[in-house]
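**Q** Curious how this folds, go ahead:
(2 chains)
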Amino acid sequence: DAGVIQSPRHEVTEMGQEVTLRCKPISGHDYLFWYRQTMMRGLELLIYFNNNVPIDDSGMPEDRFSAKMPNASFSTLKIQPSEPRDSAVYFCASTYSSGGGHEQFFGPGTRLTVL
Amino acid sequence: DAKTTQPTSMDCAEGRAANLPCNHSTISGNEYVYWYRQIHSQGPQYIIHGLKNNETNEMASLIITEDRKSSTLILPHATLRDTAVYYCIVRYYNQGGKLIFGQGTELSVKP
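**A** The predicted structure is shown next:
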């Protein structure tokens, strides 16, 4: 298995531009998570889905952030418009409830820089 | 979810056991203890979890005190590749539920 796949791995954009981050979870996993990591705030959960349905989006910082999961094999995190304070590493993770959901598998992350 | 307290940093000599403590004095009976680690620039990696009993897998051992208020992650023979930030997380078991990461312990394994 290729693991959780994220794209792009690096993104540099200018303030005000729209940014879309993509995630492909491990096949068969029914939970998907989006995390953000910064030096100041550490690792924080933004939103998670179960069977493609958003369960908890309380960590989404502002209306500029939105996430979708149109099917079991794809999710996007969109920032519109982007701001310099959105610069961070964004991780996607997945797990499967039939295995107890104890182990989350993380992707390699997308490093976002907003100038 | 209960709060955890970990030392900010620790050193360990290569080949020796690394013992990473975690305090979770407000843990409730249905909360599990999880350990993850994050090697520089990579995504976090699951290590082990437990409820009441001690657990062991190919990566590590987890020792949970009888009152469950603290635990220790043991890497039996630390290598340079074990240098990472180790996170102790406590949460209810609810199939796939979210993880709340604290600041973790930065473990440096030295030759």
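
**Q** who's in contact with A:Gln80?
**A** Applying C-beta atoms under 8 Å, 6 or more residues apart in numbering or on different chains, we find A:Gln80 in contact with A:Glu18, A:Val19, A:Arg64, A:Ser66. For glycine as for every other residue, the C-beta is placed from the backbone atoms N, C-alpha and C.

**Q** Look up how far chain B lies from the last one.
**A** Using C-beta to the nearest C-beta, to the nearest Å, one gets 18 Å for the distance from A:Ser66 to chain B.

**Q** Next: the second one.
**A** A:Val19 sits 19 Å away from chain B, taking C-beta to the nearest C-beta as the criterion.

**Q** Tell me if I am right that B:Asn19 is in a strand.
**A** Yes: with DSSP: H, G, I helix; E, B strand; the rest coil as the criterion, B:Asn19 is part of a strand.

**Q** Could you give the number of residues near residue 33?
**A** In the absence of a named chain, this looks at chain A. Other residues near A:Phe33 come to 28 when the count uses other C-beta atoms under 10 Å in any protein chain shown.

**Q** ah, no, chain B please
**A** 25.

**Q** can you pull the contacts of it?
**A** Counting by C-beta under 8 Å, 6+ apart, B:Val33 has contacts B:22, B:24, B:27, B:49-51, B:62, B:64, B:68, B:71, B:88-90.

**Q** would CSV of these with distance to B:Leu107 and neighbour count be doable?
**A** Output for the contacts of B:Val33, formatted as CSV (distance: C-beta to C-beta, whole Å; neighbours: other C-beta atoms under 10 Å in any protein chain shown):
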residue, distance to B:Leu107, neighbour count
B:Cys22, 13, 24
B:His24, 19, 23
B:Ile27, 23, 22
B:His49, 19, 19
B:Gly50, 19, 19
B:Leu51, 24, 13
B:Leu62, 15, 22
B:Ile64, 20, 21
B:Arg68, 23, 19
B:Ser71, 16, 23
B:Cys88, 12, 26
B:Ile89, 16, 23
B:Val90, 19, 22
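
**Q** surely A:Ser7 meets A:Thr110?
**A** Yes: contact criterion C-beta atoms under 8 Å: A:Ser7 and A:Thr110 qualify, at 7.3 Å.

**Q** the more surrounded of those two?
**A** Counted by other C-beta under 10 Å, A:Ser7 and A:Thr110 do not tie: A:Thr110 has more neighbours, with 21 against 13.

**Q** how close does the more buried one sit to B:Leu75?
**A** 29 Å (C-beta to C-beta, to the nearest Å).

**Q** before we move on, what about A:Lys78?
**A** A:Lys78 is 39 Å from B:Leu75, by C-beta to C-beta.

**Q** In terms of packing, which of those two has more residues around it?
**A** Per other C-beta under 10 Å, whichever of A:Lys78 and B:Leu75 has more neighbours is B:Leu75, with 21 against 15.

**Q** what sits against that one?
**A** B:Cys12, B:Ala17, B:Ala18, B:Leu20, B:Met59, B:Ala60, B:Asp82.
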